[in-house]
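**Q** Sequence first, then the predicted structure, then my questions.
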Amino acid sequence: MQFKHPEVLYFLSLLVLPILVHLFQLRRFKTQYFTNVRFLKELVVQTRKSSTLKKYLLLATRLLLLTFLILAFAQPFWEAKEAKNAKNELYIILDNSFSMQAKGKKGELLKRAVQDILAEAPESANFSLLTNTESFWNTDIKSIQRELQNLSYSATPFEPERLIAQVRAHRSAFRKDIVVISDGVGTRAEALGVLNNDEKGYYIPVQAEKTQNIAIDSVYLDQTLDQFYEIEVAVRSYGATSEAIPVALYDGKKLVAKTLVTFNEPRQTLKFTLPKTEFNGYVSLNDNSLEYDNTYYFSLSKPEKSRVMSISETAPAAFLTKIYTPDEFEFTATTLATLPYALLEKQDAIVLNEIATLPASLQTTLKAFVAQGGNLILIPAPETNVSSYNALLNALGGGYVYQDWKVTDRLVTKINFNHPLYAGVFEKKTENFQYPTSKAGYSVQTSFPTVLECNDQRPFLSAVTRGGGTIYCFAAPLRQEWGNFKNSPYLIVPTLYNMAFNSQNTGVKASTIGSSRPYIAAVSLGADEIVSLQKGETEVIPEQQRLYNQVKLTFSTQPQQAGNYTLLRKKEAVDQLSFNYPRTESDLQAVPSNWMAEWEEITATDQLFDTLQADRSDTVIWKWCILLALLFLLIEIAIQKIMR
């Protein structure tokens, strides 16, 4: 037991006063006996005994009354078991990704979670609330009631580690309670990580009743006929289903075709034939599960092959010829001595394959090439003049420096699965693949994002977007004598293929919201001109950069809604673009079993606030002391009334 005002306990010493008064009243008197008063004598003895008992009882009740009255003013209490966390600041992390569209026992998961917060959060409670895209710092439930009721689903995937980092960056003198409300779909194992000493973590799981879902995965052009386009629609089922799902194709609002898809395998493809004209529409299905991935928007234009040029010292590398095949690429292999400079600007990608020294004229041309949106792939040679490579990279903005050549065995053990280069390549994050080896390579100093990393934590492949294009830098040659990277088809083929592949040339224009991949529009802008995207009444202005007779568009933040958009210049339509939400939330079964790590699980929101209140509130005793004091006062009155 502890006391809020322990100094009041000194008044307990005053209890000696009633004892002294009592002793004074009990002093002895001299007895005088009279004759013929035997019966009166017996009555006096009996009355004296009753009076003595009454006085002792009154003394006890008065002492107890004063004792509990003094204790009440000292305000005793039992300290809560989590008293040190009583002043903790509360941070609620609410997942509003598309997987929260799934239906639980009481409706859609996100809407139910919002209603629980609105109903259970105390009006006086101060807290901060973070979603995938929004932050409300140091607020209360009344202040954000409207924002919570209007909270929409976000295309940004749920990344608890990023949101927790924001909480930790919010400086505070108090400890922190971090509450995560999520279904955990798409997160990695132990994504919540380890808590700091000044943090206490709670996890409120929400779960869909039905985890089976069907999504339209992608649309691509299968072949081009004389009068028609033949497209393929990839549809994926997450979880077994025996139902036939209707799939419809629309050109604008006009229904073009309709069919049924059944799932003997998790992934099925459907073929549609379209007239060889401009198309700006979508394909949709209805599966009574998640809605966001039921529609895929796309536009069709004339397909073109990606143009790739390889520049070598001597003979062209045979492995490049096998990757850049004639059906998808216009591949040109040339030596440095016979290089046709006039063709460089017409390429989509240029591969510098083990050139010893880069001439200054080539450096100047490559700088302009990257600025116009071309991709540059650097594969060094063992005898490379690194100063010429570093001069080129410095002219392109710096951030990557080739240093010493080292002969040492290394393994390529880490793949950056989240890099745009590998978007849609791997169905799952494989960790036990057969690692390629590198027998030698350059030490590099770089700030470029790492795409492939060796077991010594040094980059094997790095990439960065500069100007309108992307620069890819290998740290080692790919010749057989210096490693077996070429013998890893599951890695080298998608890597080099996607480096040179220009998605704009496929004929199907469909971007992913939030993707960092730029779009090069063949639009010539004046000094003060800009382009905008329009869909119905919605008009957005993406990030843009003028490049000679083109404009580079980046859609990292805009638009935020999926759909078919018209690219406008001076209110005049110059192109058609389509945008779709990323399919990262489609698999409702992709929930790691141990992703909440050491966090305490709370079954419901009401239990959270009850737990915080109960575990951190001291048990107040002074009220009981007042009641006991009143009780002894009543006992004293009763003694005075009853005992004579």
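**A** Cool, the structure landed.
**Q** residue boundaries of the helices in the stretch 201-350 of the chain?
**A** 318-323 (DSSP state H, counting those that start in this stretch).
**Q** which intervals of it have sub-threshold pLDDT?
**A** 303 (pLDDT under 70).
**Q** cool, and the stretch 351-500 of the chain?
**A** By pLDDT under 70, the low-scoring segments of the stretch 351-500 of the chain are 423-424, 426-433, 467-468.
**Q** how about the strands in the stretch 451-600 of the chain?
**A** Counting by DSSP state E, counting those that start in this stretch, residue ranges of the strands within the stretch 451-600 of the chain are 459-466, 469-474, 508-509, 511-512, 519-521, 531-535, 538-540, 543-547, 550-554, 563-569, 572-580, 600-601.
**Q** For residue 101, find the nearest of those strands.
**A** strand 572-580 (15.6 Å; Cβ to Cβ). To be clear about C-beta, it is placed using only N, CA and C from the backbone, and glycine gets the same treatment.
**Q** So in that sheet, which strands flank that closest one, and in what orientation?
**A** Strand pairing for strand 572-580, determined by DSSP bridges: strand 511-512 (parallel), strand 563-569 (antiparallel).
**Q** and the longest one with strand 531-535, angle?
**A** Orientation note: strand 563-569 sits at an angle of 150 degrees relative to strand 531-535 (axes from the mean of the first three to the mean of the last three Cα atoms, to 10 degrees).
**Q** Show me what the mean pLDDT comes to for strand 563-569.
**A** In this model, strand 563-569 has an average pLDDT of 91.
**Q** so how far is residue 14 from residue 58?
**A** 17 Å (Cβ to Cβ, to the nearest Å).
**Q** quick one: which of the two has more around it?
**A** residue 58 (17 against 10; other Cβ atoms under 10 Å).
**Q** in a helix, that's where the more buried one is, yeah?
**A** Yes: the assignment for residue 58, made by DSSP: H, G, I helix; E, B strand; the rest coil, places it in a helix.
**Q** ok, it - contacts?
**A** By Cβ atoms under 8 Å, 6 or more residues apart in numbering, the contact list for residue 58 reads 636, 639, 640.
**Q** ok, how many other residues are close to residue 171?
**A** Count around residue 171 with other Cβ under 10 Å applied: 5.
**Q** quick check, it in a helix?
**A** No: Residue 171: not assigned to a helix; according to three-state DSSP it is coil.
**Q** Provide a list of residues in contact with residue 494.
**A** 421, 422, 425.
**Q** does the last one count as helix, strand or coil?
**A** For residue 425, the secondary structure call by three-state DSSP comes out as coil.
**Q** mind checking how far the residue lying closest to it once chain neighbours are set aside is from residue 500?
**A** Excluding the flanking residues, the one nearest residue 425 by Cβ to Cβ, 6 or more residues apart in numbering is residue 494, at 4.6 Å. Distance, residue 494 to residue 500, by Cβ to Cβ: 11 Å.
**Q** same question, residue 228
**A** 28 Å.
**Q** Compare the two (neighbour count), which wins?
**A** Applying other Cβ under 10 Å to residue 228 and residue 500 shows that residue 500 carries more neighbours, namely 25 against 14.
**Q** so how many other residues sit close to the closest residue to that one other than its chain neighbours?
**A** Counting by Cβ to Cβ, 6+ apart, residue 500 lies nearest to residue 349, which is 3.7 Å off, once chain neighbours are set aside. Using other Cβ under 10 Å, residue 349 has 25 neighbouring residues.
**Q** contacting residues around residue 349?
**A** Counting by Cβ under 8 Å, 6+ apart, residue 349 has contacts 306, 307, 308, 309, 374, 375, 376, 377, 499, 500, 502.
**Q** what do you get if the cut-off is 6 Å, keeping everything else the same?
**A** Residue 349 makes contact with 308, 375, 500, according to Cβ atoms under 6 Å, 6 or more residues apart in numbering.
**Q** list the contacts for the closest residue to residue 208 other than its chain neighbours?
**A** Spatial nearest neighbour of residue 208, excluding adjacent residues (Cβ to Cβ, 6+ apart): residue 102 at 3.5 Å. Residue 102 sits next to 109, 208, 588 when contact means Cβ under 6 Å, 6+ apart.
**Q** Tabulate those in TSV, adding columns for neighbour count and distance to residue 370.
**A** Below are these laid out as TSV (neighbours: other Cβ atoms under 10 Å; distance: Cβ to Cβ, whole Å):
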residue	neighbour count	distance to residue 370
109	24	45
208	23	46
588	22	42
